[in-house]
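Student: what shape does this take:
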Amino acid sequence: MAPADAPADPVGHITGVGGVFVTSKDPKALAAWYRDVLGVKLESWGGAVLRYDAPGHPPVLVWNALPQGSHYLAPSTREFMLDFAVDDLDAFLARLKAKGVAVLKRDDSDPTGSFAWILDPDGAKIELWQPKAK
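Tutor: Prediction:
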């Protein structure tokens, strides 16, 4: 069967992630930190719109359930982790260090690219990923 003859996916399926929502004791201060420290552009309604079609952005979003008790999110005690793709991890980490953000760890050995981890002011772990150039 040729690809053109293959049946189309039926309607009624997930097409991607439409948003990430977190709670905070001080949502305005947390949003300001994401704006001022990470450079996330905030919209007038207080959140951000992150585009999939940004230059160099990976064409997918990963969703993965980790086993309860996994240490992958440590030292965070939150039940989620955010992963942001970046275009230049060295430059991004230099900007974070200049703003006093501690880098928990960096790993340049993964076949999918380079990673680094930080914590936001609420203790949520953030993974920064520079995808390997193709």
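
Student: so which residues of the chain form strands?
Tutor: 81-85, 105-107, 113-119, 125-131 (DSSP state E).

Student: got the CA positions of the third one in PDB?
Tutor: If I follow you right, that is strand 113-119. The C-alpha trace of strand 113-119 is given here as PDB (Å, rounded to 0.1, in the frame of the first residue of the first chain):
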ATOM      1  CA  GLY A 113      22.100  16.900  22.600                       C
ATOM      2  CA  SER A 114      23.400  18.800  25.600                       C
ATOM      3  CA  PHE A 115      21.400  19.300  28.900                       C
ATOM      4  CA  ALA A 116      21.700  21.400  32.000                       C
ATOM      5  CA  TRP A 117      19.400  21.600  35.000                       C
ATOM      6  CA  ILE A 118      18.300  24.500  37.300                       C
ATOM      7  CA  LEU A 119      15.500  25.200  39.800                       C
END
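
Student: and Val37, what does it touch?
Tutor: 96, 99, 101 (Cβ atoms under 8 Å, 6 or more residues apart in numbering). (C-beta placed from N, C-alpha, C; glycine too.)

Student: how about a cut-off of 10 Å?
Tutor: Applying Cβ atoms under 10 Å, 6 or more residues apart in numbering, we find Val37 in contact with 95-96, 98-101, 118, 120-121.

Student: now the residues you listed: which count as buried?
Tutor: 96, 101, 118, 120 (16 or more other Cβ atoms under 10 Å).

Student: I'd like those residues as TSV, with distance to Asp53 appended.
Tutor: Converted to TSV, the buried ones among the contacts of Val37 look like this (distance: Cβ to Cβ, whole Å):
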residue	distance to Asp53
Leu96	25
Val101	28
Ile118	26
Asp120	25
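
Student: give me the subset of those residues that lies in helices.
Tutor: In this view, the buried ones among the contacts of Val37 that belong to helices under DSSP state H are Leu96.
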